[in-house]
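K.L.:
with the input below, show me the fold.
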Amino acid sequence: MNEIAFRVTQEATGEAQPEPERKKNPAAVALGKLGGAKGGKARAAKLTPERRKPIAAKAARARWGKANDK
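P.N.:
Numbers count the residues shown, from 1 in each chain. Reported below is the predicted structural model:
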């Protein structure tokens, strides 16, 4: 909390230092894209329709069930 108050005070008085820009590791980004692009499709291809149906139903309940809880 003290750090936030300090930062707010600095911004209000114009003394704030700009935060350094975070850079991502290009190799890690490339690896993430490789696995992420094919992961869901590969898993869906391995599943039988009988197994996919309960998974889809659970996902629908998780997504749409939240709207009913309000």
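
K.L.:
now do the helix or strand of the chain at the bottom of the mean pLDDT ranking: distance to the chain's middle.
P.N.:
Every helix and strand of the chain was ranked by mean pLDDT, DSSP states H and E. The lowest is helix 26-46, at a mean of 83. Taking CA atoms, centre = their mean, to the nearest Å, the mean C-alpha location of helix 26-46 is offset from the chain mean by 15 Å.

K.L.:
ok, now stretch 53-68?
P.N.:
That offset, for stretch 53-68, works out to 19 Å (CA atoms, centre = their mean).

K.L.:
let's test this: mean pLDDT of that stretch, rounded?
P.N.:
Across stretch 53-68, pLDDT averages out at 86.

K.L.:
list of residues touching it?
P.N.:
residue 47 (CB atoms under 8 Å, 6 or more residues apart in numbering). C-beta here means a position set from N, CA and C on the backbone, and glycine is covered the same way.

K.L.:
then it to CSV, C-alphas only?
P.N.:
Extracted in CSV, the C-alpha atoms of stretch 53-68 (Å, rounded to 0.1, in the frame of the first residue of the first chain):
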residue,chain,number,x,y,z
LYS,A,53,-19.7,-34.5,-25.6
PRO,A,54,-19.3,-34.5,-21.8
ILE,A,55,-16.3,-32.1,-22.1
ALA,A,56,-18.3,-29.7,-24.3
ALA,A,57,-21.3,-29.9,-21.9
LYS,A,58,-19.0,-29.1,-18.9
ALA,A,59,-17.6,-26.2,-20.8
ALA,A,60,-21.0,-24.9,-21.6
ARG,A,61,-22.2,-25.2,-18.0
ALA,A,62,-19.0,-23.3,-16.8
ARG,A,63,-19.6,-20.5,-19.3
TRP,A,64,-23.3,-20.1,-19.3
GLY,A,65,-23.9,-21.1,-15.7
LYS,A,66,-22.2,-18.0,-14.4
ALA,A,67,-24.9,-15.7,-16.0
ASN,A,68,-27.6,-17.5,-14.0
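
K.L.:
buried sites along it?
P.N.:
Residues of stretch 53-68 classed as buried: none (neighbour count, 16 or more other CB atoms under 10 Å).
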